[in-house]
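1. give me coordinates for this.
(one chain, ligands or ions: 2)
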Amino acid sequence: MSLSSTNLRVQNGRYSLKEKTAIISDKNDLSMNDMLVTKELHLLSVHHRRGQNKVIFEAIIPLILCSFCPFFVRSVVYICTHANGSLLDFFKQISTQMTLKQVLEHFFYLQWHWPSAIIFFLFISYSILMTLLLPGEKYHGPVTDYGHVPEYKDNGFSYYLISLGLFVILTAGLKVFGLTPTYIYDNFEQFLSTLNTFAFIFCLFLMLKGKYFPSTREYRSSPNWIIDFYRGVELYPRIFGVDIKLITNCRFGMLAWALLSAIFCMKAFELYGYADSSLVTCILTVVYLTKFFWWESGYMKTMDIIVDRAGFYLCWGCLVWVPALYTLPSYFLVSHRQQLGPTLTFLVLLLGFLSIYINYDADRQKLHVRRTNGNCFIWGSQPQLIRAKYRLLNGNESESLLLANGYWGISRHFHYIPELVLAFLWSCPNGFHYVLPYLYVIILFILLMHRAHRDDQKCKLKYGQYWLDYCEKVKFRVWPGIY
Ligand SMILES: NC(=O)C1=CN([C@@H]2O[C@H](COP(=O)(O)OP(=O)(O)OC[C@H]3O[C@@H](n4cnc5c(N)ncnc54)[C@H](OP(=O)(O)O)[C@@H]3O)[C@@H](O)[C@H]2O)C=CC1
Ligand SMILES: CC(C)CCC[C@@H](C)[C@H]1CC[C@H]2C3=CC=C4C[C@@H](O)CC[C@]4(C)[C@H]3CC[C@]12C
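-> Ligands and ions are numbered 1, 2, ... in the order given. Sure, this is the predicted structure:
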């Protein structure tokens, strides 16, 4: 497909491809890689383009998701603690024991609990301050259509380690005053409803900010506010120099995930003494998130950051969805005690570490091949490479290496398998009596299968025949022999 000869209007009708090409051609100082990402972004935005008459139809799914997700999150947490993990009990309670007011409150999940709000604001202020103050080398995200180059400080790993250290110190300090972080477990529902209320107001603010005071020219405003609320308007919103996506996704969402798992584990110890199942879940989660923060600068170049905008999907997702649903395996263990015993403890930990390692190693293999331009060994032999050519938006040609052996020869997204296995492993200490603790695995499965499909589409658009050649060589998308 010759991109430069196509003159297509982008969704909001702000600029055509010809106009874009002209803008990009002016950017003589951009590197090839930057151009590549510019083209990717363009391809993805073209992919998402719809006719104006579809706008209303398109708003239906976002509307359902924005109204249903908070209800879903609340119900799940409620079922864990008040309905003995049973969906049936929950529906019985809703239909027979709750007043209409209670059902509506349950549905909208918009409540404010001051102690939770204070904890949240202290936490988010801490995250922002540390992000600004901690030293770190500067690095850049890919250049955008309008030539914006997001700049970040590589201090995610030190932020994570210091935060874990401070958490331990704070826990010991609070004990002196008869306080404990497990207060959050005891008030988790209020905590989540406060987060939910804040996240809704915040997403509304982000939408209005994007429409009227965008930080960069990288914003996409549609005539439909529901779509804008859900998908977001701005790609790189900043408030007083603070990058919103970095704060919500990494510095809040991922740290909250680690700390909540630790808090739930502490609560289990408070209740039952030594609780091996909670410990296993907590250790695996914390180690996995250590890996995440080690690789945070890589995450800032993924689809979540360069394609998805700061709206309900991403920001509400990281502020509410992640703390509530991603921590479910450890939350459930507090009210449903399980004993693993030393053999299973050892086995689950071992397999968990192995999964984290394989997931990390697959990411590393791909990066290593590209960094060395193929002058390396993959599992002891020469790498099998496809030198995939693609055309940049300014018409120039560039090349990427596609690895077709090692993990990337087993299937095209093999690294999602250890990610799923790990999720299963930190959920399985819950035993097999309930489905709820496996909700994270189920959600992750759907998310990753959809992501694999989305990524394949992106690569097909970008590399054309080269990608088809790779697909011919490596037939399966995720599951060897199956899919
Ligand atoms: N727990 C959770 O909720 C989730 C976790 N994750 C994890 O995040 C990490 C990142 O995943 P994700 O963001 O999906 O991105 P990936 O690591 O899957 O990277 C995909 C990109 O890699 C490049 N690529 C594809 N095939 C090859 C190949 N054969 N050789 C070389 N390069 C190739 C392409 O980019 P290019 O344009 O550069 O060629 C492609 O777009 C993973 O570890 C994943 O498991 C992801 C989603 C959800
Ligand atoms: C229906 C919606 C509210 C769903 C919200 C989804 C988002 C919260 C998640 C979408 C993609 C997720 C992530 C992608 C990659 C990641 C790398 C991994 O190593 C850690 C987890 C994560 C950052 C993960 C976090 C949640 C999402 C942003």
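2. show me what contacts Leu351?
-> The neighbours of Leu351, taking CB atoms under 8 Å, 6 or more residues apart in numbering as the test, are 421, 425. The way it works is simple: take the backbone N, C-alpha and C, and place the C-beta from them, glycine included.
3. for my notes, confirm it occurs in a helix.
-> Yes. Per DSSP: H, G, I helix; E, B strand; the rest coil, Leu351 lies within a helix segment.
4. from ligand 1, how far out is it?
-> According to CB to the nearest ligand atom, to the nearest Å, Leu351 stands 17 Å off from ligand 1.
5. report pLDDT for that residue.
-> For Leu351, the pLDDT comes out at 97.
6. now swap in the one 5 residues further on and tell me
-> Residue-level confidence at Ile356 comes out at 96, pLDDT.
7. check the secondary structure at the nearest residue to Tyr288 once chain neighbours are set aside for me.
-> Leaving aside its sequence neighbours, Tyr288 sits nearest to Ile356 (CB to CB, 6 or more residues apart in numbering; 5.5 Å). The three-state assignment at Ile356 reads helix, by three-state DSSP.
8. what sits against Ile356?
-> Ile356 touches 284, 287-288, 291, 418, 422, counting by CB under 8 Å, 6+ apart.
9. got a markdown table for these, with distance to ligand 1 and neighbour count too?
-> As requested, these are arranged in a markdown table below (distance: CB to the nearest ligand atom, whole Å; neighbours: other CB atoms under 10 Å):
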| residue | distance to ligand 1 | neighbour count |
| --- | --- | --- |
| Leu284 | 13 | 26 |
| Val287 | 14 | 18 |
| Tyr288 | 8 | 23 |
| Lys291 | 9 | 13 |
| Pro418 | 8 | 22 |
| Leu422 | 9 | 24 |
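10. turn the residues you listed into a markdown table, including secondary structure and pLDDT.
-> Below are the contacts of Ile356 laid out as a markdown table (DSSP: H, G, I helix; E, B strand; the rest coil; pLDDT from 0 to 100):
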| residue | secondary structure | pLDDT |
| --- | --- | --- |
| Leu284 | helix | 97 |
| Val287 | helix | 97 |
| Tyr288 | helix | 97 |
| Lys291 | helix | 95 |
| Pro418 | helix | 97 |
| Leu422 | helix | 97 |
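11. report the two of these separated the most.
-> Comparing every pair within the contacts of Ile356 by CB to CB identifies Val287 and Pro418 as the most remote, at 13.1 Å.
12. re the thing from before, keep the contacts of Ile356, but drop any that are not near ligand 2.
-> The subset of the contacts of Ile356 within reach of ligand 2, by CB under 6 Å from any ligand atom, is empty.
13. which residues does the one residue in the chain that gets nearest to ligand 2 contact?
-> Nearest residue of the chain to ligand 2 (CB to the nearest ligand atom) works out as Gly317 at 2.6 Å. Listed by CB under 8 Å, 6+ apart, the contact set of Gly317 reads Gly253.
14. what's the answer for Leu439, then?
-> Applying CB under 8 Å, 6+ apart to Leu439 gives the contacts 76, 325, 328.
15. Ile184 now?
-> Ile184 touches 116, 119, 191, 260, 263, counting by CB under 8 Å, 6+ apart.
16. of all the residues in the stretch 251-400 of the chain, which ones are close to ligand 2?
-> Residues of the stretch 251-400 of the chain lying near ligand 2 (CB under 6 Å from any ligand atom): 292, 299, 304, 313-314, 316-318, 321-322.
17. now do 8 Å
-> Residues of the stretch 251-400 of the chain found near ligand 2 (CB under 8 Å from any ligand atom) are 253-254, 257, 288-289, 291-292, 295, 299, 302, 304, 308, 312-314, 316-318, 320-322, 326.
18. buried by neighbour count, from those: which ones?
-> Taking 16 or more other CB atoms under 10 Å as the criterion, what is buried in those is 253-254, 257, 288-289, 292, 295, 299, 304, 308, 312-314, 316-318, 320-322, 326.
19. quick one: the strands in the stretch 301-450 of the chain?
-> Using DSSP state E, counting those that start in this stretch, the strands of the stretch 301-450 of the chain run over 385-391, 397-403.
20. right, is the last one up against ligand 1?
-> The one in question is strand 397-403. Yes. Strand 397-403 comes into contact with ligand 1 (CB under 8 Å from any ligand atom), by way of 400-403.
21. touching, Trp295 and Asp363? I think so.
-> Yes. Trp295 lies in contact with Asp363 (CB atoms under 8 Å); the separation is 7.0 Å.
22. confidence score at Thr180?
-> So Thr180 comes in at 93 (pLDDT).
23. okay, the closest residue in space to it that isn't next to it in sequence: pLDDT?
-> Spatial nearest neighbour of Thr180, excluding adjacent residues (CB to CB, 6+ apart): Leu174 at 6.0 Å. For Leu174, the model assigns a pLDDT of 90.
24. pretty sure Leu174 sits in a helix.
-> Yes. With three-state DSSP as the criterion, Leu174 is located in a helix.
25. quick one: contacts for the residue of the stretch 151-300 of the chain found nearest ligand 1?
-> Across the stretch 151-300 of the chain, the shortest distance to ligand 1 (CB to the nearest ligand atom) belongs to Tyr299, at 7.1 Å. Residues near Tyr299 by CB under 8 Å, 6+ apart: 249-250, 292, 305.
26. swap the cut-off to 10 Å and go again
-> Counting by CB atoms under 10 Å, 6 or more residues apart in numbering, Tyr299 touches 156, 246, 249-250, 254, 292-293, 305.
27. next: Thr99.
-> Per CB under 10 Å, 6+ apart, neighbours of Thr99: Glu105.
28. which members of the contacts of Ile184 occur in strands, if any?
-> Among the contacts of Ile184, none falls in strands (DSSP state E).
29. helices - which of those residues land there?
-> When helices are assigned by DSSP state H, the members of these inside them are 116, 119, 191, 260, 263.
30. can you put those residues in a markdown table and add pLDDT, distance to Thr81 and neighbour count?
-> Output for the ones in helices among the contacts of Ile184, formatted as a markdown table (pLDDT from 0 to 100; distance: CB to CB, whole Å; neighbours: other CB atoms under 10 Å):
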| residue | pLDDT | distance to Thr81 | neighbour count |
| --- | --- | --- | --- |
| Ser116 | 95 | 16 | 23 |
| Ile119 | 96 | 19 | 17 |
| Phe191 | 94 | 13 | 23 |
| Leu260 | 98 | 15 | 24 |
| Ile263 | 97 | 15 | 25 |
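31. right, and Ala83 touches Tyr434 too?
-> No. Using CB atoms under 10 Å, Ala83 is not in contact with Tyr434, being 11.1 Å away.
32. and the helix or strand that contains Ala268 with ligand 1, contact?
-> Assessed by DSSP states H and E, Ala268 sits inside helix 255-272. No. Shown here: helix 255-272 not in contact with ligand 1 (CB under 8 Å from any ligand atom), separated by at least 9.5 Å.
33. which ones are touching Ser163?
-> So Ser163 contacts 123, 126-127, 130, 251, 255, 258-259, 293 (CB under 10 Å, 6+ apart).
34. quick one: low-confidence parts of the protein?
-> In the predicted model of the chain, residues 1-56, 145, 392-394 satisfy pLDDT under 70.
35. domain assignment for it?
-> Domains of the chain are assigned by automatic domain parsing as 3-339, 340-483.
36. quote the end-to-end distance of the shortest one.
-> End-to-end span of domain 340-483 (CA to CA, to the nearest Å): 33 Å.
37. stretch 208-217 too?
-> Stretch 208-217 has an end-to-end distance of 15 Å (criterion: CA to CA).
38. just stretch 469-477 next, same as before
-> 14 Å.
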